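Engineer: the amino acid sequence is not available; the structure is as follows:
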Ligand code: HEM
């Protein structure tokens, strides 16, 4: 087969993959969210205890890594957004995750500096982001 024949075949395969897989990363996203959730619970439990600072910082690190990885994912709900609005939906999703990563950075600084009241407040702000993020980016019938 020469390239004249092969190129359109490859192009068609790429286009098809794009059309079929707008939510291809949904499973990864869900997995990252679960890692994030577990780390959140660990931090919530022990953030007030200065003796557990090192372990809390480790959990914050896991949380941040999972949040960044979540930003690479595509919410399941994207499949249901009409194509014209999908780019905007994904842009909004990525912006929400970027804000979450910023909050986790603040949490990390507060824990590092031993400002545990501020850390607890930041944790509450993260929980609020979860609430708004989920109401905006998870299908209502889930
Ligand atoms: C900007 C903030 C957030 C956004 C935009 C967001 C978005 C999402 C989305 C879209 C899903 C569904 C996965 C899919 O569509 O494939 C999901 C699932 C999940 N998220 Fe988040 N999330 C955020 C923050 C959080 C936080 C802070 C936590 C935990 C502390 C969390 C815990 C979870 C869990 C456990 C799931 C798994 C399934 C479920 O409970 O519905 N999320 N999130």
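Structural biologist: Alright, I've got the coordinates. This is a predicted model, so every value here is computed, not measured.

Engineer: residue ranges with poor pLDDT in this protein?
Structural biologist: For the chain, applying pLDDT under 70 flags the ranges 1-3, 5-25, 142.

Engineer: and it, which of its residues are near the ligand?
Structural biologist: 26, 29-30, 33-34, 36-37, 40, 75-77, 93, 96-97, 100, 126, 129-130, 133-134, 137-138 (Cβ under 6 Å from any ligand atom). No exception for glycine: its C-beta is placed from N, CA and C like everyone else's.

Engineer: list the buried residues in the helix ranked longest in the chain.
Structural biologist: What stands out as the longest helix in the chain, according to DSSP state H, is helix 83-112. By 16 or more other Cβ atoms under 10 Å, the buried positions in helix 83-112 come out as 89, 90, 93, 96, 97, 100, 103, 104, 107, 108, 110, 111.

Engineer: residues in contact with the first one?
Structural biologist: Pointing back at residue 89 there. Applying Cβ atoms under 8 Å, 6 or more residues apart in numbering to residue 89 gives the contacts 77, 78, 81.

Engineer: alright, I will stop here.
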